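Asker: please find the sequence and the predicted model below.
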Amino acid sequence: MAIQMSCGYSKWHPFSSHRLTIEGGHFANQGDIPYVAALIANTVHMSGRCGAVFISRRHLISATHCFFTYSTVSLPCQDPKVFDDLPGQKMAYGGVCLMEGMDGCEKADVKFGKIRKVVALTDFHKAHCIKGNDFTIVELEEDVVFDKNTQPACLFSIINNEHFSERLNGMKDFYSSGWGKDKTGTFSRRLKYLHSKFRNNFDITSDTIDLTAVNNPKDRICNGDSGNGLFAFDPKIGRDVVIGLHSYSNGCDMASMHFSSDYSVTSTAHHIQDMCDLTGVCPPGVRPSLDL
């Protein structure tokens, strides 16, 4: 699809000279990460209950668990039920500040789109949320307008028998973003991000990638960061690609600070065909399945 030939451009790069974190640290500025959006919670003070990543003018990708409630708060999950208010739910995009007067925000700078529907992978709930596939496609009611503050992320695909780990190890400046909570339980009203590194070798048979913060073990993703993206700069194409979507972490409350900042993302490379078939957004070398 043509849109994947003009994706992955942010206002500036690289981020390597800056230390930016989600739990504490520095904030993102408008245009730094134009690929992300926030699923807005229905609360008095606007906050993002999850994140998402643009792949086209109408489609985003996110985590399945962001759109369901469960009868248990721990894993394995039980009795998934889609949110009653999902159709028409708002996604905030095109900026970094969800509201004024907090986290250094002089004013809210986001736009809003309404969700038309979501398509989730059934395997996630069949395995009670513990065996990957935490992946959902979000469709908006109307197309957004792409500009310097709203852009699609490039999709990372594996074609021509390219080795998964070699391709990932060739990328630079891995970072995660989000509007999630800090250790006090407060949602950030301004987009933040942190640098990450891989915890172990990659398993091509699994769609889960494990990471940890680069510099400070107290830097981590938190509640509300789910569904947002792990990105990297790909020298092979000279642009940013979305590597994964935040799925699970050790948490960021005071008790969790005694543990490592490990977290897991759902690999987008493993779901390229799903995206191509369901949205028509196909990176170079990938075509829709003929049997649909």
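Answerer: Great, that's in hand.

Asker: can you show me the helices along the stretch 151-292 of the chain?
Answerer: In the stretch 151-292 of the chain, the helices defined using DSSP state H, counting those that start in this stretch lie at 164-169, 272-279.

Asker: ok, now which ones touch Pro288?
Answerer: Cys276, Asp277, Gly280, Cys282 (Cβ atoms under 8 Å, 6 or more residues apart in numbering). Backbone N, C-alpha and C define where each C-beta goes, glycine included.

Asker: let's see 10 Å
Answerer: Met1, Gln273, Cys276, Asp277, Leu278, Thr279, Gly280, Cys282 (Cβ atoms under 10 Å, 6 or more residues apart in numbering).

Asker: what do you get for Lys148?
Answerer: Lys148 neighbours (Cβ under 10 Å, 6+ apart): Tyr9, Ser10, Lys11, Gln30, Gly31, Pro34, Gly94.

Asker: give me the buried subset of those residues.
Answerer: When the contacts of Lys148 are checked for burial by 16 or more other Cβ atoms under 10 Å, the buried set is Tyr9, Ser10, Gln30, Gly31, Pro34, Gly94.

Asker: what pairs with whichever strand or helix holds Ala52, and is each one parallel or antiparallel?
Answerer: Using DSSP states H and E, Ala52 sits in strand 48-54. Applying DSSP bridges, strand 48-54 is found paired with strand 36-40 (antiparallel), strand 59-62 (antiparallel).

Asker: lowest mean pLDDT across those, which one is that?
Answerer: Among the strands paired with strand 48-54, strand 36-40 carries the lowest mean pLDDT, a mean of 93.

Asker: next one: that strand to chain centre, how far?
Answerer: Its chain's C-alpha centre and that of strand 36-40 lie 9 Å apart, by Cα atoms, centre = their mean, to the nearest Å.
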